[in-house]
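**Q** Sequence and predicted model, in that order:
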Amino acid sequence: MTTIRVPYHLDEPLPEATLPDLPGASTVSPDLPDGDLWARMAHLHEEVAVRVAESVRAAEAPAVLSGDCMVALGTIAGVQRAGVDASVVWFDAHGDLQTLETSASGYMGGIPLRILVGYRPELSAERLGLRAVAEERVLLVDGRDLDPPEAEFLAASPLRRYGVEEVAAEILPPGPIVLHVDLDVVDPGEFEGLLFPTPGGPGVSAVLDAARRVLHTGRVAALSIGCTWDPDRSDPAARSGLVADLVSHRASTG
Ligand SMILES: NC(=[NH2+])NCCC[C@H](N)C(=O)O
């Protein structure tokens, strides 16, 4: 099974050790061209899309490890290129549904899910050939820390939000699935060193169980894992344990 490591946070390379090194994993680490954030990220995400498409065409379900959630756009573009029209299940403590116009922090890692459902295609989607995923085919899991504009968006959107405990085959969107797990969904009391620690979340085993319930449908076309931690403040053994567990559930789907 293919595992692809993408050690970047937005357009910044991360220390190699940020991402666990699983057996047989390959690493995407291009030099990014000069240019604005979106051009640089498009270059990176294009490489991810190429590798993911190759793997999906070979009838595998690749796992992509990254330092942010934006890389998921490249993963989903790659799945689409391989001819798979996937729904998306997005585990995250945050909504990732911000916009450039409403973000109070200006943090671009807060908007990838909004891009995925069609926001300002010129930023990223058009460069990657990413087709917007219909909001009714996207499930946000947890998303306990929503900014007011995100809550407002969700109130008027068919994009559904569920708790980790509620994740079950019956509530999943139809068709093949890209499963994205930002590991900050885990409660910071159980996992130290997260970049955006958000109290009140599920524990490690509840997250793994819920992810397993998605993976065991046999419908997961690609697994995207946001390793959103500070490598200096988190425990390498805990990091690789968590990622290896998730990836092994992917493998066990056959
Ligand atoms: N996936 C994440 N870590 N998102 C953090 C985003 C935090 C906040 N919603 C913002 O847009 O600034």
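**A** On my side now, so go ahead.

**Q** Helix or strand: which one has F153?
**A** According to DSSP states H and E, F153 maps onto helix 148-155.

**Q** what's the answer for V181, then?
**A** strand 177-182.

**Q** residues contacting the residue nearest to R213 when sequence neighbours are not counted?
**A** Of all residues not flanking R213 in the chain, V167 sits nearest, at 5.5 Å (CB to CB, 6 or more residues apart in numbering). For the C-beta atoms, the positions are set from N, CA and C on the backbone; glycine is no exception. Counting by CB atoms under 8 Å, 6 or more residues apart in numbering, V167 touches V89, V141, A210, R213, V214.

**Q** coming back round to it: output the helix holding F153 as PDB, restricted to C-alpha atoms.
**A** The C-alpha coordinates for helix 148-155 follow below in PDB (Å, rounded to 0.1, in the frame of the first residue of the first chain):
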ATOM      1  CA  PRO A 148     -19.000  32.600  13.800                       C
ATOM      2  CA  PRO A 149     -18.800  32.900   9.900                       C
ATOM      3  CA  GLU A 150     -18.300  29.100   9.700                       C
ATOM      4  CA  ALA A 151     -21.300  28.500  11.900                       C
ATOM      5  CA  GLU A 152     -23.400  30.800   9.800                       C
ATOM      6  CA  PHE A 153     -22.200  29.000   6.600                       C
ATOM      7  CA  LEU A 154     -23.100  25.600   8.100                       C
ATOM      8  CA  ALA A 155     -26.500  26.800   9.200                       C
END
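
**Q** now what about it, what contacts it?
**A** G95, L97, Q98, T99, T102, R114, L140, L146, R161.
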